[in-house]
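**Q** fold the following and give me the result.
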Amino acid sequence: MNIQFDLTNCDKEPIHTPGTILPHGVMLVIDGDLGEIQQAAGETFGLLGRALDALLGRRLETLLQPDQMRLLCELSAEAPLTTPRHLLDPILRVQPDRPVDACIHRTGGHFVLEFVPAELQEGARRDPLAVLQELMDGLDQAGSLQALCQLASERVRRATGYDRVMVYRFQPDESGWVYAESRDSRLVSFLDLHYPAADIPSQARSLYLRNWLRTIVQIDYTPARLVPEINPRTGQPLDMSYATLRDVSSIHREYLRNMGVAASMSISIVVQGRLWGLIACHHYSPRQLPRHLRAACEIFGPIFSSQLETRQRADDMEMHLAGRGLLREILSGLTDHADFADGLIGVSPSLIEYIVAGGAAVSAVARGGVALYLNSAIRSLGRTPPQEHLQPLAEWVVSLLDKDGLFQTDRLGELWPPAQQFTQIASGLLAISVSRQPKDLILWFRPEVVETVNWGGDPTKVIELGPNGERLTPRKSFEVWKQEVRGRATPWAAAEIQAAVDLRVALLEMIVRRLDAAARERDHLREQERLLMAELDHRVKNVLANVQALVRQSSRNAGSVRDYVSGLEARIVAMGKAHSLLTESRWRSVSLQSLIEEELAQFSRSGIAMHGPVILLTPKAALVLSLAVHELATNASKYGALSAETGKVVISWRKTGDGGTELRWIETGGPQVQKPRRRGFGSTLVERALAIETGGEARLDFLPTGVQCVVSLPCSSTIDP
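**A** Numbers count the residues shown, from 1 in each chain. Below you'll find the model as predicted:
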């Protein structure tokens, strides 16, 4: 027929229920009470001394010794036996002259007891733990993942004696790759050869996940039939998924035969619950491993898998740590930009290095560029596709982002045909969304890396009419078949993808923090605006009341209209200066020194001295104190120290023990002072207004040497700097 076919019918072969076993052993299926033998297979007479028909329907206790039955009963009560448990002494001999190895497991409510001939020649009784120690020796010193696998292949070959031992690694597309190899020098190397995914079908991979060890003593044999084939109690075929004697698929045997292999063993490599690969052993003549070697290899599988996983995690962590430093630099660069898009554009050179640092080693030739798709605008750096393609590409990517806001491929042209025009620039694409709505992207590109893949034979399979009917016949040629691969980039490593996810999370957290900060600032401004309007309303009313009081009191104390206008104007100007200072601070506070300097600015500074610590006044205290200082200064300029060239005014202030403020105004060197016969408006303002508005007090003393005033303000009149 010679028709190209993508899926092979070997994927549908029920290899877990073959109904037959390997002929070198014996299988007994016993009921759930370890009582009746319901099914049997193999050369029972040679190993157990009983004909197959003579075993069916009999009690297991008629075959085994009492101490052997007691051991099995105790084991079945204590252990789940979901996987085979090897039985050592005293169940080595069912008949005196024929030593056997045995194992037992439970499946479908039955017990499956398997026997194989025991190897008792010299060296076959070695301690499995000693062999395991030899297998593990030095693996922790391997300098790389490939070196670790190479050491493992050499250790397994030396311990087991197989002609060829390979570490066979599965690729993301499920094809296989000979990653490491140890072989007899007379054999042709398979190292670095690739094999199609169909060479190990999906149901076979599933069984490799369940069984750490699988051995085939010889390829050419006639399977032993399970009698009866259907269990008489369940009416179902026996599930042999965990059976060590499970018959091998005739397709797989034909495949190995075409390779010239006569015996094989596979040790599963399982990482994070997935089949990472196999330690595949080939021998070119029949070979049966002694029990101690099988046990050591079965233990070696999970231990080596754990060590390989640890090594991978360590490599990933090293890459991760290398990327964290650049991530901090990127985030630090973004904090200097108020606009997020401008910040990303500013750090775009670091974005290229970040993915490389966080992932696998990539040559300078394989590095590409980065593009930013922000607010529907494109910015790019380095080697990126032409501008006219970037926006359509970004819009296409948005529709393909996964739940983590990520998209990646190493063969962009196969998924998005327009990219075939620029494979030399962008065959690989890694993209992340950097906004809460998936519309802003960072896109990393990698150029095409042309490589030659060596396949172990032509990976293209055809349907043929073979000896087993119309079904897949395994290819017979395993000569190296070269394939030139184009349009593909260096695949994105798991650590690189994780680095991109980490960057996305960090950027989204930064955006959320900025939005939260902006929301808090808006709330703060709204509250401040509300308070300011309330304060302004209060101040306007207060100012009007003050002006009204000034008008009324000034009119009572004025000798003429001119004096009235002049005094009123001066007092309103004094209040205006205080208002100006309060406006500058958004009505929060006014420096006491600034207030005094502003009120005394019109007078010569040669006769004025002032000193004191930094004290901030509340708006209410500032307004009334500004009027008090104005009245004192006006009086001093007319009648006191500031009216004479020799006059001096010393103004000092300090914090008191109770947190209040004390202000002293002391005049000297001016005309002799006489105490006024009546109280004027200025005195009233200084003494009474302070008490009313602030709860403080003022004391005026008209000494002959000059006026002295002491103002005391409570702690509520000031604000901490």
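**Q** and residue 136, what does it touch?
**A** Shown in contact with residue 136 (CB atoms under 8 Å, 6 or more residues apart in numbering): 155, 300, 303, 304. For glycine as for every other residue, the C-beta is placed from the backbone atoms N, C-alpha and C.
**Q** need the pLDDT of the second one.
**A** Right, residue 300. For residue 300, the model assigns a pLDDT of 93.
**Q** any idea how far residue 399 is from it?
**A** 47 Å (CB to CB, to the nearest Å).
**Q** more neighbours, those two?
**A** Neighbour tally, residue 300 and residue 399, criterion other CB atoms under 10 Å: the higher count belongs to residue 300, 24 against 8.
**Q** that one belongs to a strand, doesn't it?
**A** No: assessed with DSSP: H, G, I helix; E, B strand; the rest coil, residue 300 is helix; it does not lie in a strand.
**Q** quick check: closest non-adjacent residue to it.
**A** Once flanking residues are discounted, residue 300 sits nearest to residue 135: 4.9 Å by CB to CB, 6 or more residues apart in numbering.
**Q** run a quick neighbour tally on the one you found.
**A** 22.
**Q** with the one 3 residues further on instead?
**A** Residue 138 sits with 11 neighbouring residues when counted by other CB under 10 Å.
**Q** next: residue 273.
**A** Residues within reach of residue 273, counting by other CB under 10 Å, total 6.
**Q** for the residue nearest to residue 300, what are its contacts?
**A** Residue 135 touches 152, 155, 156, 159, 296, 297, 300, 304, counting by CB under 8 Å, 6+ apart.
**Q** show me which of the contacts of residue 136 are buried.
**A** 155, 300, 304 (16 or more other CB atoms under 10 Å).
**Q** take the residues you listed and lay them out in CSV including distance to residue 227.
**A** Putting those into CSV (distance: CB to CB, whole Å) gives the following:
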residue, distance to residue 227
155, 41
300, 35
304, 39
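**Q** I figured residue 233 hits residue 38, correct?
**A** Yes: counting by CB atoms under 8 Å, residue 233 touches residue 38, with 6.5 Å between them.
**Q** more neighbours: these two, which one.
**A** Neighbours were tallied for residue 233 and for residue 38 using other CB under 10 Å; the higher tally belongs to residue 38 (20 against 15).
**Q** report the central residue of this protein.
**A** Residue closest to the mean C-alpha point of the chain, counted by CA atoms, centre = their mean, is residue 502 at 5.1 Å.
**Q** and that residue, helix, strand or coil?
**A** Classification of residue 502 using three-state DSSP returns helix.
**Q** which positions in stretch 18-32 come out as buried?
**A** The neighbour-count check on stretch 18-32 (16+ other CB under 10 Å) flags 18-31 as buried.
**Q** name the nearest of those relative to residue 446.
**A** residue 18 (46.3 Å; CB to CB).
**Q** and that closest one, how far from residue 328?
**A** Distance from residue 18 to residue 328, by CB to CB: 58 Å.
**Q** sorry, back to before: and the residue nearest to residue 300, how far from residue 180?
**A** For residue 135, the distance to residue 180 - CB to CB - is 15 Å.
**Q** what of residue 206?
**A** Using CB to CB, we find residue 206 at a distance of 24 Å from residue 180.
**Q** more crowded one of the two?
**A** Using other CB under 10 Å as the criterion, residue 206 and residue 180 rank with residue 180 on top: 23 against 13.
**Q** so which strand or helix has that one?
**A** strand 176-183 (DSSP states H and E).
**Q** what packs against that strand?
**A** helix 145-160, strand 164-170, strand 194-195 (3 or more CB pairs under 8 Å, 6 or more residues apart in numbering; DSSP states H and E).
**Q** and residue 704, how many neighbours does it have?
**A** For residue 704, the neighbour count with other CB under 10 Å is 9.
**Q** residues contacting it?
**A** Residues near residue 704 by CB under 8 Å, 6+ apart: 672, 673, 674.
**Q** try 7 Å
**A** Residue 704 sits next to 672, 673 when contact means CB atoms under 7 Å, 6 or more residues apart in numbering.
**Q** tell me who's in contact with residue 307.
**A** Neighbours of residue 307 in contact, by CB under 7 Å, 6+ apart: residue 139.
**Q** please identify the helix or strand for it.
**A** Per DSSP H and E: residue 307 is located in helix 291-335.
**Q** now that helix against helix 145-160, angle please.
**A** In terms of direction (axes from the mean of the first three to the mean of the last three CA atoms, to 10 degrees), helix 291-335 departs from helix 145-160 by 170 degrees.
**Q** quick one on the thing from earlier: could you measure from the residue nearest to the centre of the chain over to residue 522?
**A** From residue 502 over to residue 522 (counting by CB to CB), the distance is 31 Å.
**Q** can you check residue 400 too?
**A** Computed as CB to CB, the residue 400 to residue 522 distance reads 36 Å.
**Q** out of these two, which sits in the more crowded spot?
**A** Taking other CB under 10 Å, residue 400 and residue 522 do not tie; residue 400 has more neighbours (14 against 10).
**Q** tell me the secondary structure at residue 649.
**A** strand.
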